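[1] Sharing a model that was predicted from the sequence below.
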Amino acid sequence: CKKNLRVLLDMDQVLADFELGFFQEYRKKYPEYPYIEMKDRVGFFVKDQYEKMFSSVPNIGNAVANIYNAKKFFLNLPEIEGAVDAAKKLAKMEGVDVFICTSPIEKYKYCLPEKYEWVHKHLGPEWVARIILTKDKTMVNGHLLIDDRVDIIGAIERPSWEHVVFSANHNMKADIGKRRRLDNWTNGDWKELIEDFKMR
Ligand code: BVP
């Protein structure tokens, strides 16, 4: 008898829209500061791109960090379109176990509980038990990791999972080698992806 397919879903930019949440809050809190349109985001870290692009603006990095370090930032992140619906359907599929695999930010005070609250609120109480919080996703065992971050590295050189890159503005120009992409949760591609993995 075959084992279940263990699917690890990243949270930020796969389920919860960190980039949109950031953009909206930043524009609201710092309307006089320069900003990067969401379509022009390149590279995983917002702060890095802002500091590089606006190096003449004093403290712009702090302004950026103030946004995601703030209370309620992670809690109030909007959903990625179709993500919650797809995740629920995925979890109901026969032969599939779903987990949420997410890394906290350095200033974890609000981020940690708010990630739990977000999952509880958007996916339901039974999903809280599926959360895996770690800075090192290579230490997590699974068959498939759906994640927007291109450089997922850690203690294990060859993780058990295969990384499928979830498309985000910041990774569209990145070299992802032989890895597959999942562009969204809305066009049904995710079902094919899961069926492919189940047949292995
Ligand atoms: O806690 C989240 C948000 C944070 O990194 C974590 C996402 O990790 P993954 O689980 O998706 O790998 N984060 C932080 C910054 C800026 C830090 Br400086 C950012 O620009 N984007 C981002 O996702």
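    Nice, I can see it.
[2] going forward, measure contacts and count neighbours with C-alpha atoms only.
    OK.
[3] In contact with Ile100, which residues?
    By CA atoms under 8 Å, 6 or more residues apart in numbering, the contact list for Ile100 reads Leu8, Leu9, Asp10, Met11, Arg130, Ile131, Ile132.
[4] Who does the strand ranked longest in the chain pair with, and is each partner parallel or antiparallel?
    Using DSSP state E, we find that the single longest strand of the chain is strand 96-102. Strand 96-102 pairs in its sheet with strand 5-9 (parallel), strand 131-133 (parallel), by DSSP bridges.
[5] how about the strands in this protein?
    With strands called from DSSP E, the chain shows them at 5-9, 96-102, 131-133, 144-147, 162-166, 181-182.
[6] Up against the ligand, what does this protein have?
    Asp10, Met11, Asp12, Phe44, Phe45, Val46, Lys47, Thr102, Ser103, Pro104, Ile105, Arg149 (CA under 6 Å from any ligand atom).
[7] what do you get if the cut-off is 5 Å, keeping everything else the same?
    Asp12, Phe45, Val46, Lys47, Thr102, Ser103, Pro104, Ile105 (CA under 5 Å from any ligand atom).
[8] Tell me, how many residues neighbour the first one?
    If I follow you right, that is Asp12. Taking other CA atoms under 10 Å as the criterion, the count of residues near Asp12 is 22.
[9] Pretty sure it sits against Cys101.
    No: between Asp12 and Cys101 there is no contact under CA atoms under 8 Å: 9.7 Å.
[10] got the buried residues for the longest helix along the chain?
    Longest helix in the chain by number of residues (criterion: DSSP state H): helix 108-122. Applying a neighbour-count criterion of 16 or more other CA atoms under 10 Å, one finds Tyr110, Cys111, Leu112, Glu114, Lys115, Tyr116, Glu117, Trp118, Val119 buried in helix 108-122.
[11] rewinding a little: please pick the buried ones from the contacts of Ile100.
    Buried by 16+ other CA under 10 Å: Leu8, Leu9, Asp10, Met11, Arg130, Ile131, Ile132, out of these.
[12] Turn the residues you listed into JSON lines, columns for pLDDT.
    Formatted as JSON lines, the buried ones among the contacts of Ile100 follow (pLDDT from 0 to 100):
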{"residue": "Leu8", "pLDDT": "99"}
{"residue": "Leu9", "pLDDT": "99"}
{"residue": "Asp10", "pLDDT": "99"}
{"residue": "Met11", "pLDDT": "99"}
{"residue": "Arg130", "pLDDT": "98"}
{"residue": "Ile131", "pLDDT": "98"}
{"residue": "Ile132", "pLDDT": "98"}
